[in-house]
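[1] Quick one, what's the 3D model for this:
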Amino acid sequence: MELKNFIKSLSIMHLFLVAGLGIFTVWIVLQINSFNTSTNGQDIFLFIVPVLALLGYFGSQWVFKKMTLNIQLNEQLADKLKKYQSALHIKYALIEVPAFAGLYAYYKTGNALPLVIVICLLAYLFVQRPNKESIIKNVPLTANEKSEIQKT
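    Predicted coordinates for the structure are as follows:
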């Protein structure tokens, strides 16, 4: 596995996830074309979406940390990177699912709260872009593997 291609493929996957969610968000906003800020407590989505967003945010961090902690120092670099990639996929999914739930809630109710939560989740997903530094920080690597990653 060539490191440069690995990082490039992770970056492209991340870009498509962010762009897809962003485009879908813009499309939904254009479809609704109005905002409702009523918080009368009658809408169940006003309770479900924030809870899902919190579970997605904290769950993505917890699962990612747990999965990367299971990577052993003595494994081959390719195996370490595959496990890191799997952890990233799950992390991104745990962020995107509540975002799509928020978009659905906004589409059904027109309430701005789910939309604001979606925009926050989208911003969080955007800053989770994979790079060499995050690999070095999150994956247990030997000194040789760290220098190999830094050279790419």
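[2] Pull the distance from stretch 79-96 to the chain's centre.
    Using CA atoms, centre = their mean, to the nearest Å, the mean C-alpha position of stretch 79-96 is found 9 Å from that of the whole chain.
[3] go on, stretch 27-37?
    24 Å.
[4] For residue 100, list the residues it contacts.
    21, 24 (CB atoms under 8 Å, 6 or more residues apart in numbering). Any C-beta I mention is one placed from the backbone N, CA and C, and that applies to glycine too.
[5] buried residues in the helix or strand harbouring it?
    Using DSSP states H and E, residue 100 sits in helix 77-109. Neighbour counts over helix 77-109 (16 or more other CB atoms under 10 Å) mark 77, 80-81, 83-85, 87-88, 90-92, 94-103, 105-106, 109 as buried.
[6] From residue 3, how far out is the closest residue to residue 142 other than its chain neighbours?
    With sequence-adjacent residues excluded and distances taken as CB to CB, 6 or more residues apart in numbering, residue 142 is closest to residue 73, at 6.8 Å. According to CB to CB, to the nearest Å, residue 73 stands 18 Å off from residue 3.
[7] And residue 151, by the same measure?
    Taken as CB to CB, the span from residue 151 to residue 3 is 8 Å.
[8] Measure how buried residue 54 is and give me the count.
    By other CB atoms under 10 Å, 12 other residues sit near residue 54.
[9] same thing with the one 5 residues further on?
    Counted with other CB under 10 Å, the neighbours of residue 59 add up to 17.
[10] hang on, it packs against residue 94?
    Yes - between residue 59 and residue 94 there is a contact at 5.1 Å, judged by CB atoms under 8 Å.
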